[in-house]
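Generate coordinates for the sequence data below:
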Amino acid sequence: MDSVRRFSRGEQGVALVVALGTLLVLSVVAAAVAASTLMVKQQTTHDRARVMALADAESALRLATYDLNQAMPISDGQCPSVAANGTVTRTAATNGQCGPYSAPMPSGATTTFVISPGGVSPLPCAGAQVTAPTRPGLSIHQRCITSTAAVRGATRRIQIRVASVNYIFPIPGIVGTHNVRIGQGAGSTYSLSQCSSPNSLPNGTGLVMASVGTNGTVTTALGCWLGDTSDGTTGVNTSRLYLGPNTPATNNGAPNPSLTGAQPGGVIRMTAPLSLPTLTPLFQAGADGVSDTSLPAANNNALGIHTVASSCTGTPYNATTRVLDLGNNGCSVTLDGSTDVAHPSIYNFCGINLPNNGILSVTNPSAAPYLQVYVDSTVRKRADGSAACTTGTGTVTMGNGASILNNATTSLGAQIFIWGTGDPDGSAGNHISWRNGADVKMLLVAPHAEIDFQNGGRITGGIAAYDVTANNNMQFIWDESVDKVERGALFYRVSYTECSSAPLIPTDPHSGC
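Residues are numbered from 1 along each chain as shown. Next up, the predicted model:
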């Protein structure tokens, strides 16, 4: 027992040592857990900050695109300028860039973004250069937008490419989105040299360097259809026949398209319906670039309309209804043009009535040739929601021998845009009998109207309407200069990428993406 007692006395204090050891181990574990928790918290906070920074940068991209579209129509080299009241106007680019702009965010961070000044040339930016779906050379304006956001030490920088498809004619030639009927001339055999000389075309219906496109049926009887006769890559001036998807297989029992005489270089079946752009941006940006063309500040109606001598009885133009009515046989009225092709004189009418032998012409086509004539509509609404024209107006009537801008020296000198009185989707366009039977240069766009060319003649320029009919011998020559006429179109995002946290080239805010 004494030995047991002596052994027991030797174990005194062991419990304390064990307890202290246990506490030490628990302290180490607790410290490790605390350190790990702190690390996870810091990482979570950083990840949250990165997510918030990315969201802020994305919001800035959306804001930049919105500002661009609010400033429409915006030309290359111009930038959006936002006033204190939120109004967006246009200003010139500085040092080759738009911005930087700042955008405060709900997170409390301030995001910046920069917009390139635009253009149609290749743009080093996110994604690939956007090209026209049907043919190259059309005006697809593109810009690069790069935004940077920093939240709690986390920086995200992203970039998008935006594009604006501004061209009016989706194909080079005649577009009738519903139907195209181009009449007589079949059976005549013309030589290549005859067809290739527009100024000496023989009688009969012919198309030179022009394509035809529709989503419906095509009926053509042509003596000439001159252009690229191969089925290779579509060029700027090639004769093609463009058909939208789901076009009818037959046309009154005959195959669709029904072609007689000269043949096009090839038939192209589109993957999307052939469509004409909305004219809204054109009608809503007048001579001052901002106001609706129906308003006095945005057109030349008040000063640019002149009656030739005493050829007319009464006053042809009614400023209240904006109807130009030449009234009597042989009345002649002129419209002043502009010397600047980029800023033509603008006239907005709620209707044009030309009686027999009535003449509407350019005042001085050699010195000031450029003008645009808008035929407004009862179905078009202004920005304030009011109807642009009164009921019963909105069309063009022409008597025998009447002419519209026949003396224009260039296709860009006679630009005619007809809104149409039918439904906005073009399903019920009004019918306009076009009796301009001379040799004219003209750009005619009427997305919601049926244009019936009744007196033949020769047209150089471009034609686009809901329905195009030419039952008589009409000769049409495509003028590629009409592609220079652009409507203001909204920018839309086409590609996206994330960039390094800072530009790789300090002088290039878009680099590093």
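
contacts and neighbour counts: CA atoms only from here.
Fine.

Strands along the stretch 101-250 of the chain, start to end?
Applying DSSP state E, counting those that start in this stretch to the stretch 101-250 of the chain gives strands spanning 110-115, 140-151, 154-165, 173-182, 206-208, 211-214, 217-222, 224-226, 241-243, 250-251.

mind putting these in JSON lines, mean pLDDT included?
Formatted as JSON lines, those follow (pLDDT from 0 to 100):
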{"stretch": "strand 110-115", "mean pLDDT": "91"}
{"stretch": "strand 140-151", "mean pLDDT": "91"}
{"stretch": "strand 154-165", "mean pLDDT": "91"}
{"stretch": "strand 173-182", "mean pLDDT": "92"}
{"stretch": "strand 206-208", "mean pLDDT": "84"}
{"stretch": "strand 211-214", "mean pLDDT": "92"}
{"stretch": "strand 217-222", "mean pLDDT": "89"}
{"stretch": "strand 224-226", "mean pLDDT": "79"}
{"stretch": "strand 241-243", "mean pLDDT": "91"}
{"stretch": "strand 250-251", "mean pLDDT": "90"}
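
how about the ones you listed in TSV, adding distance to V485 and mean neighbour count?
Formatted as TSV, the strands of the stretch 101-250 of the chain follow (distance: least, C-alpha to C-alpha, whole Å; neighbours: other C-alpha atoms under 10 Å):
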stretch	distance to V485	mean neighbour count
strand 110-115	24	23
strand 140-151	12	25
strand 154-165	12	24
strand 173-182	14	25
strand 206-208	21	28
strand 211-214	18	27
strand 217-222	27	25
strand 224-226	24	27
strand 241-243	22	24
strand 250-251	34	14
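
Which one, of those strands, ends up nearest to A285?
The closest of those to A285 is strand 154-165. By C-alpha to C-alpha, the value is 16.5 Å.

Check the offset of that closest one from the chain's centre.
Remark: strand 154-165 is offset 20 Å from the chain centroid, using C-alpha atoms, centre = their mean, to the nearest Å.

Counting by contacts, list what it packs against.
Judged by 3 or more C-alpha pairs under 8 Å, 6 or more residues apart in numbering; DSSP states H and E, the packing partners of strand 154-165 are helix 14-70, strand 140-151, strand 492-498.

now M442: how far from P80?
Per C-alpha to C-alpha, to the nearest Å, M442 is found 33 Å from P80.

give me the low-pLDDT residue ranges for the stretch 251-400 of the chain?
Judged against pLDDT under 70, the stretch 251-400 of the chain has no low-scoring part.

what ranges do the helices span in it?
280-283, 301-304 (DSSP state H, counting those that start in this stretch).

helices or strands up against the last one?
Under the contact criterion of 3+ C-alpha pairs under 8 Å, 6+ apart, helix 301-304 touches strand 345-349.

can we see that at 6 Å?
Applying 3 or more C-alpha pairs under 6 Å, 6 or more residues apart in numbering; DSSP states H and E, one finds that helix 301-304 contacts no other helix or strand.

mind checking how far that helix is from the chain centre?
29 Å.

Using CSV, write down the CA coordinates of it.
The C-alpha trace of helix 301-304 is given here as CSV (Å, rounded to 0.1, in the frame of the first residue of the first chain):
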residue,chain,number,x,y,z
ASN,A,301,-42.0,74.9,-96.6
ALA,A,302,-42.3,78.5,-95.5
LEU,A,303,-39.5,79.9,-97.7
GLY,A,304,-38.7,77.3,-100.4
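
Turn the helices and strands packed on strand 154-165 into CSV, including distance to L274.
As requested, the helices and strands packed on strand 154-165 are exported to CSV (distance: least, C-alpha to C-alpha, whole Å):
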stretch, distance to L274
helix 14-70, 24
strand 140-151, 17
strand 492-498, 20
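
from these, which stretch is densest packed?
strand 140-151 (a mean of 25; mean count of other C-alpha atoms under 10 Å).

In its sheet, which strands sit next to that strand, and in what direction?
As defined by DSSP bridges, the strand partners of strand 140-151 come to strand 110-115 (antiparallel), strand 154-165 (antiparallel).

follow-up on the earlier one: dump the helices of the stretch 251-400 of the chain into CSV; add mean neighbour count as well.
Output for those, formatted as CSV (neighbours: other C-alpha atoms under 10 Å):
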stretch, mean neighbour count
helix 280-283, 19
helix 301-304, 15
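
you'd agree G457 is up against N436?
No: using C-alpha atoms under 6 Å, G457 is not in contact with N436; the gap is 7.3 Å.

list residues touching both of those two?
When contacts are counted by C-alpha atoms under 6 Å, 6 or more residues apart in numbering, G457 and N436 have no shared neighbour.

These two: who's more crowded?
Between G457 and N436, counted using other C-alpha atoms under 10 Å, the more crowded position is N436 (23 against 20).

tell me the secondary structure for that one?
For N436, the secondary-structure state derived from DSSP: H, G, I helix; E, B strand; the rest coil is coil.

That one: what's it in contact with?
So N436 contacts S403 (C-alpha under 6 Å, 6+ apart).

Kindly recompute the last result at 7 Å.
By C-alpha atoms under 7 Å, 6 or more residues apart in numbering, the contact list for N436 reads 402-404, 455.

Just put those residues in JSON lines and tack on neighbour count and pLDDT.
JSON lines is the format used below for these (neighbours: other C-alpha atoms under 10 Å; pLDDT from 0 to 100):
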{"residue": "A402", "neighbour count": "25", "pLDDT": "91"}
{"residue": "S403", "neighbour count": "24", "pLDDT": "91"}
{"residue": "I404", "neighbour count": "24", "pLDDT": "93"}
{"residue": "N455", "neighbour count": "19", "pLDDT": "80"}
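
P369 contacts T339, doesn't it?
Yes: with contacts defined as C-alpha atoms under 7 Å, P369 counts as touching T339 at a distance of 6.4 Å.
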